[in-house]
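Asker: Coordinates for the following, if possible.
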Amino acid sequence: MLIEPGAPAPDFTLPDQDGNEVSLSDLRGRRSVLVFYPLDFSPVCTDQLNVYQEVLPEIQASGAELYGISVDSAYAHRAFQQQLGLSFPLLADFNPKGAVTKSYGAYLEERGHGTRALVLIGPDLEIEWSHLSPSPLEIPGANLIFDALEHQPA
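Answerer: Next up is the predicted model:
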């Protein structure tokens, strides 16, 4: 079950595509959107992250940062980020596999990877909003992110 609004964000420290560690504590004081997605280089994930890249300046103008999270390695993330021209960090929930994704309730045990979910973390590191796609094949539209940013307390 996906983490719900009002819950404290589960702590994490994960490497990004360049091997730099990103921790939950680094997100304090600003709003952050965690984008859980199944796998780098899959066609649907490629489409999803391309959409978010297109609207990234608007997300940032709304006062939020975006972070992609999947069970792929930092090396795969780097290649995926370069291929797509993504400018937001991709965090590797690789070892132990899916531990952070599980802590947020976005892991598909039977498939061995995350599902498609969006989680908005407030400046106080509390969950403000979350969305679970009905299917791993269904991309959560960027409009959901904008609606959450607009309707949640800043």
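
Asker: List the buried residues for stretch 106-122?
Answerer: Going by neighbour count (16 or more other C-beta atoms under 10 Å), the buried part of stretch 106-122 is Ala106, Tyr107, His113, Gly114, Thr115, Arg116, Ala117, Leu118, Val119, Leu120, Ile121, Gly122. C-beta here means a position set from N, CA and C on the backbone, and glycine is covered the same way.

Asker: And the lengthiest helix in the chain, how far out from the chain middle?
Answerer: What stands out as the longest helix in the chain, according to DSSP state H, is helix 43-61. Put simply, helix 43-61 sits 11 Å off its chain's centre (C-alpha atoms, centre = their mean, to the nearest Å).

Asker: Report all helices and strands that that helix contacts.
Answerer: strand 31-36, strand 64-70, helix 74-84, helix 142-151 (3 or more C-beta pairs under 8 Å, 6 or more residues apart in numbering; DSSP states H and E).

Asker: The buried residues of stretch 106-122: which two are farthest apart?
Answerer: Within the buried residues of stretch 106-122, His113 and Gly122 form the most distant pair, 26.9 Å apart (C-beta to C-beta).

Asker: Mind listing what's buried along stretch 41-55?
Answerer: Val44, Cys45, Thr46, Gln48, Leu49, Tyr52, Gln53, Val55.

Asker: Over to stretch 90-107?
Answerer: So stretch 90-107, judged by 16+ other C-beta under 10 Å, has buried residues 90-94, 98, 100-102, 104-107.

Asker: for the residue lying closest to Asp124 once chain neighbours are set aside, phi and psi?
Answerer: Spatial nearest neighbour of Asp124, chain neighbours left out: Arg28 (7.6 Å); criterion: C-beta to C-beta, 6 or more residues apart in numbering. Dihedral pair for Arg28: phi -60, psi 140, per degrees, to the nearest 10.

Asker: pretty sure Arg28 contacts Gly122?
Answerer: No: in this structure Arg28 lies outside contact range of Gly122 using C-beta atoms under 8 Å: 9.7 Å.
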